[in-house]
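J.: fold the following and give me the result.
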Amino acid sequence: MSARGKARKRALDILYASEMRSEDPVAALDRAIAEGEGPTNDYTSVLVRGVVEHRERIDELLASYSQGWTLERMPAVDRNVLRLGAFELLYVEDVPDAVAVSEATALVRQLSTDESPTFVNGVLGAIQRDLPTLS
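T.: The predicted model follows:
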């Protein structure tokens with residue numbers, strides 16, 4: 001797994017765990033760093049902080065593009081992977097769009113349901129297709 005792939009996995013761990021504990025992901029990230037359990041790759045911090053900063057817009061887009069699924073109804077892993085993927089598509093210029101989509105799909109393939117890769121790929125693929133009109 002690449003360094004950025006590991007960073008994505010660690011960011012997912014932080015976003016997922018903080019959601020399950022009803023805590024602020026940035027506080028969880030900062031605590032992990034302070035306790036020496038934090039990410040060794042700065043990209044993890046970029047991802048967590050970016051998702052939190054842009055979460056309202058990201059969730060708005062995900063709700064719009066995930067036809068028939070509310071955010072609350074999605075498995076928590078899928079929801080947080082979609083947030084990471086959408087953040088990379090919308091706000092990270094040095095990650096090719098196709099890489100953002102494929103990395104998100106790979107994460108859910110490893111960690112979620114059998115249907116999740118198709119769902120995540122479809123939602124992020126539709127966002128990717130419409131990026132020129134979403135800016």
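
J.: check which residues of the worst-scoring helix or strand of the chain on mean pLDDT are buried.
T.: Lowest by mean pLDDT, DSSP states H and E among the helices and strands of the chain is helix 25-34, with a mean of 93. Along helix 25-34, these residues count as buried under the neighbour rule (16 or more other C-beta atoms under 10 Å): Pro25, Val26, Ala28, Leu29, Ala32. Bear in mind the C-beta positions are built from the backbone N, C-alpha and C, glycine included.

J.: try stretch 57-76
T.: Ile58, Asp59, Leu61, Leu62, Tyr65, Ser66, Leu71, Met74.

J.: contacts for that stretch?
T.: Residues outside stretch 57-76 that contact it (C-beta atoms under 8 Å, 6 or more residues apart in numbering): 16, 19-20, 51, 79, 82-83, 86-87, 90, 112-113, 116, 119, 123, 126-127, 134.

J.: same thing with stretch 18-33?
T.: 14-15, 17, 38-39, 44-45, 48-49, 51-52, 76, 79-80.

J.: re the thing from before, so how far is the helix or strand just after the least confident helix or strand of the chain from its chain's centroid?
T.: Sequence order places helix 42-53 as the next helix or strand after helix 25-34, per DSSP states H and E. In terms of C-alpha atoms, centre = their mean, to the nearest Å, the centre of helix 42-53 is found 10 Å from the chain centre.
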